[in-house]
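>>> With the input below, show me the fold.
(one chain, ligands or ions: 1)
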Amino acid sequence: MSQAFDLSGKVAIVTGGNGGIGLGMATGLAQAGAALLIAGRNAAKNVAAVKALEALGAKASAVQADVTDQAACRMLIEATQTTYGRLDILVNNAGTNIRKQPQEYTLDEWKSVLDTNLTSAFLCSQAAYPAMLTAGGGKIINIGSMLSIFGAAFAGPYGASKGGMVQLTKSLACAWAKDNIQVNAVLPGWIDTDLTRRARQDVPGLHERVLARTPAGRWGEPGDFAGIAVFLASSAADFVTGAAIAVDGGYSSQG
Ligand code: NDP
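Reported below is the predicted structural model:
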């Protein structure tokens, strides 16, 4: 592997890294040499993800944490430093959706989507900042969505959170460039995960519409996110900050 993409000696946190896109990214980071700390609420999924990463020869551990809780976000960073002695990479990937028409959401539902998708990224980044300063720099990767760009009738809170994620990314990038911390967003297209398996059941015709609209002619897979994670986490991306990069099989390029 080119030295520019080598993550040996680096330590990464992936929120929601116990499955789907998060595990796809964690796998790429592990294969490039990083040690991983996975954060998720489901203990059984956490254990399975750690086993899968260890099977690649990586150092991996998991913390059961709900990233909507500020104390849990702080604890995650502390646990990483206690376990590995440093923190270099934070992937803010944990996410959820509640699909309804805008007039049907309760305030609690709105808050739950915003807290899980957006506030968590702010809280984890804020908590990670001192550790990254100590490490001499860092990389933050925020997971947006096609709904960072487009609207959808069934995704008011989700779209607000994912649009906000892009703007949060830009603000953090501007604030922390002087500290050698690069902050970028990745905007996935339609990816086959637990999240979208539920959407395919809830939204009639979605599967076919995604295939028709995606120039690559397929749904994405979690493994499609290994490369972008390694690139944005590595010194190859030291001059890339504040960007929002679509990994979508061309979905957002199709008129
Ligand atoms: P998954 O449902 O497989 O992954 C979501 C992850 O987030 C799980 O690991 C889950 O773990 C974790 N999570 C959810 N809530 C919390 C919480 N409160 N605290 C800690 N962890 C939490 O779906 P995806 O892999 O598809 O989603 C990953 C990200 O990608 C999300 O941000 C999603 O919005 C985004 N995305 C996905 C797309 C797709 O097509 N799949 C498209 C665009 C964006 P646990 O349940 O154990 O807590």
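>>> sec struct for Thr68, please.
Secondary structure, DSSP: H, G, I helix; E, B strand; the rest coil: Thr68 is coil.
>>> Please list the residues of this structure that sit near the ligand.
15-16, 18-22, 39-42, 45, 65-68, 93-96, 116-117, 143, 145, 188, 190-191, 193-196 (C-beta under 6 Å from any ligand atom). Glycine gets a C-beta too; all of them are placed from N, C-alpha and C.
>>> now whichever helix or strand Arg209 is part of, how far from the centre of its chain.
Take DSSP states H and E as the rule and Arg209 turns out to sit in helix 206-213. Its chain's C-alpha centre and that of helix 206-213 lie 24 Å apart, by C-alpha atoms, centre = their mean, to the nearest Å.
>>> Now do that helix: everything it contacts.
Trp190, Ala199, Arg200, Gly217, Arg218, Trp219, Tyr251, Gln254 (C-beta atoms under 8 Å, 6 or more residues apart in numbering).
>>> What count of nearby residues applies to the third one?
Okay, so that is Arg200. Burial of Arg200 is recorded as 16 neighbouring residues (other C-beta atoms under 10 Å).
>>> And the first one, by the same measure?
Using other C-beta under 10 Å, Trp190 is surrounded by 23 other residues.
>>> Identify the residue nearest it in space, chain neighbours excluded?
Val210 (4.3 Å; C-beta to C-beta, 6 or more residues apart in numbering).
>>> For the one you found, give its distance to Ala246.
Val210 is 15 Å from Ala246, where distance means C-beta to C-beta, to the nearest Å.
>>> same deal with Asn184?
Separation of Asn184 from Ala246 (C-beta to C-beta): 12 Å.
>>> more crowded one of the two?
Asn184 (23 against 20).
>>> Go over the secondary structure and confirm the more buried one is in a helix.
No. Going by three-state DSSP, the assignment for Asn184 is strand, not a helix.
>>> Give me the phi and psi for the residue found closest to Gly138 once you drop the neighbours it is linked to in the chain.
In this structure, Gly138 finds its nearest non-sequential neighbour in Met132, 3.1 Å apart by C-beta to C-beta, 6+ apart. Per-residue torsions, Met132: phi -70, psi -40 (degrees, to the nearest 10).
>>> doesn't Ile89 make contact with Met132?
No. Contact criterion C-beta atoms under 8 Å: Met132 and Ile89 do not qualify, at 9.0 Å.
>>> Settle it for me: which of those two has more neighbours?
Ile89 (26 against 23).
>>> Touching, the more buried one and Gly138? I think so.
Yes. Using C-beta under 8 Å, Ile89 makes contact with Gly138 at a distance of 6.7 Å.
>>> Now for Met132 and Ile89: what residues contact both?
Here Met132 and Ile89 have Gly138 as joint contacts, going by C-beta under 8 Å, 6+ apart.
>>> what helix or strand does Glu109 sit in?
Here Glu109 sits within helix 107-114, counting by DSSP H and E.
>>> ditto for Ala94
Remark: Ala94 resides in no helix or strand, with elements defined by DSSP H and E.
>>> which ones are touching it?
With contact taken as C-beta under 8 Å, 6+ apart, Ala94 is in contact with Thr15, Gly16, Gly22, Ala39, Gly40, Val67, Thr116, Asn117, Ser120.
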